[in-house]
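> Sequence and predicted structure, then a few things I'm wondering about:
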Amino acid sequence: MQREIVIASGKGGTGKTFLSSNLAYYISKIVGRPCIGVDADAEAPDLALALGDYVNIYSREEVYESRKATIDYEKCNLCMMCYTVCRFYAITLQEDKPTIIEEYCEGCGACGIVCPTQAISYRTVRTGFIIHGRTRHDVDVVTADLEVSGRNTGHLVYLAREKAKQIGREYIIIDAAPGIGCPVISSIVGANLLVICVEPTPQSFNGCCRLINVAETIKIPYRIIINKYDLNREFAEKIEKELGNNVIGRIPYSRDIVKSYADLTPLLATSSPLKKDVEHIMEEIVRVCS
């Protein structure tokens, strides 16, 4: 039986990649169970880096599933209906002609539907890559890597998860993108457990509550870890009071964590005094997911 554990946060910079990398290392190297990481933050993937970067690349698959609109000016009657209907600001006017800005185009098809002369067609472009490899700390990672200025991150994340499932490890640790957007939903749906990383700030707590609403809506069990709790102990206590037993751990702000991240080494692979506390939190996550 495969178990999927998603590490997410309502905002960036709370420490979810730190948790993801250490959880994958804990299960693989300390517990000794088959485990693979999935970097689902396709716009800024760094899970492999947190585990020492890739030392062996087993596969690198190109994904071509995005669409971009193009205009045939021999058919275009300059009615500007495409310009009016586009909600992504992907069509601008240049020399009184509608012009596609490809970086903004979502390939949604609206402009083609309203065009009375069928002057708009679509071409398929590269969405990104699905990369599978082994990192320096002996943990496999599948990375969803979005093309620069690309779109369709949700489906790219889905493909990365499917790749990890096909590889067939017992535990799949998913490092989600920040927020609650499409790639995050794609990371969470169908998972066994959502672990939300929150820091003691109003912005982070608000994002955490939004993630809880998502989890409850799609009926995914969740737990909370408060990272850098000692930066604002009073607010951390407020979070614990409001979220109750769903809070399963607290991690202090520490230069050891910053150093381990800068060294591309999981904290659990160091001799830091925090090692036992972090290991206890990892143990609790695995217990909840069992």
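Looks like it came in fine.

> so how far is residue 173 from residue 109?
Counting by CB to CB, to the nearest Å, the separation of residue 109 from residue 173 is 36 Å. From N, CA and C alone the C-beta is placed, and that goes for glycine too.

> Revised request: answer the last question for residue 225.
Taking CB to CB, one finds residue 225 at 14 Å from residue 173.

> When the two are compared, which one has more neighbours?
Taking neighbours as other CB atoms under 10 Å, residue 225 and residue 173 compare with residue 173 leading, 31 against 25.

> if I pick residue 230, what's in contact with it?
236, 252-253 (CB atoms under 8 Å, 6 or more residues apart in numbering).

> just residue 74 next, same as before
Contacts of residue 74 by CB under 8 Å, 6+ apart are residue 119.

> start at 14 instead
Sure, I'll start numbering at 14, so the last one becomes residue 87.

> Name the SS class of it, please.
At residue 87 the chain is in coil, as set by DSSP: H, G, I helix; E, B strand; the rest coil.

> Ok, residue 199 next?
Going by three-state DSSP: residue 199 is helix.

> Partner strands of the longest strand seen in the chain, with direction?
Looking across the chain with DSSP state E, the single longest strand is strand 67-84. Paired with strand 67-84 in the same sheet, following DSSP bridges, are strand 133-148 (antiparallel).

> Follow the chain on from the strand it pairs with and name the next helix or strand.
Later in the chain than strand 133-148, the nearest helix or strand by DSSP states H and E is strand 153-159.

> Do me a favour and average the pLDDT over that next one.
Mean pLDDT, strand 153-159: 97.

> tell me the angle it makes with strand 133-148.
Orientation check (axes from the mean of the first three to the mean of the last three CA atoms, to 10 degrees): strand 153-159 against strand 133-148 gives 160 degrees.

> Quick one: the strands in this structure, in order.
Here the chain has its strands, by DSSP E, at 16-21, 48-52, 67-84, 104-107, 110-113, 133-148, 153-159, 184-188, 206-211, 235-240, 260-264.

> right, and the ones you listed - which one's nearest residue 272?
With CB to CB, the closest approach to residue 272 among the strands of the chain belongs to strand 260-264: 14.8 Å.

> Note down every partner strand of the closest one and its orientation.
When DSSP bridges is applied, strand 260-264 pairs with strand 235-240 (parallel).

> Could you measure from residue 238 over to residue 35?
Counting by CB to CB, the separation of residue 238 from residue 35 is 11 Å.

> same check, this time on residue 244
Distance, residue 244 to residue 35, by CB to CB: 20 Å.

> quick one, which of the two is more surrounded?
Under the criterion of other CB under 10 Å, the comparison of residue 244 against residue 35 puts residue 35 first, with 28 against 13.

> The residue nearest to the more buried one when sequence neighbours are not counted: neighbouring residues, count only.
Spatial nearest neighbour of residue 35, chain neighbours left out: residue 279 (4.8 Å); criterion: CB to CB, 6 or more residues apart in numbering. Number of residues near residue 279 (other CB under 10 Å) recorded here: 26.

> Residue 279 and residue 60 touch, don't they?
No. Shown here, residue 279 and residue 60 do not form a contact pair, counting by CB atoms under 8 Å, at 10.9 Å.

> Mutual contacts of those two, please.
With CB under 8 Å, 6+ apart, residue 279 and residue 60 have common neighbours residue 34.

> Ramachandran coordinates for the residue nearest to residue 35?
The phi/psi pair for residue 279 (degrees, to the nearest 10) reads phi -60, psi 140.

> ok, now the one 4 residues further on?
The phi/psi pair for residue 283 (degrees, to the nearest 10) reads phi -110, psi -180.

> shouldn't it be in contact with residue 271?
No. In this structure, residue 283 is not within contact of residue 271 by CB under 8 Å, at 11.9 Å.

> Tell me which of these two has more neighbours.
Using other CB under 10 Å as the criterion, residue 283 and residue 271 rank with residue 283 on top: 15 against 11.

> Residue 64 versus that one, what's the distance?
Using CB to CB, we find residue 283 at a distance of 13 Å from residue 64.

> just residue 201 next, same as before
Distance of residue 201 to residue 64, computed by CB to CB: 22 Å.
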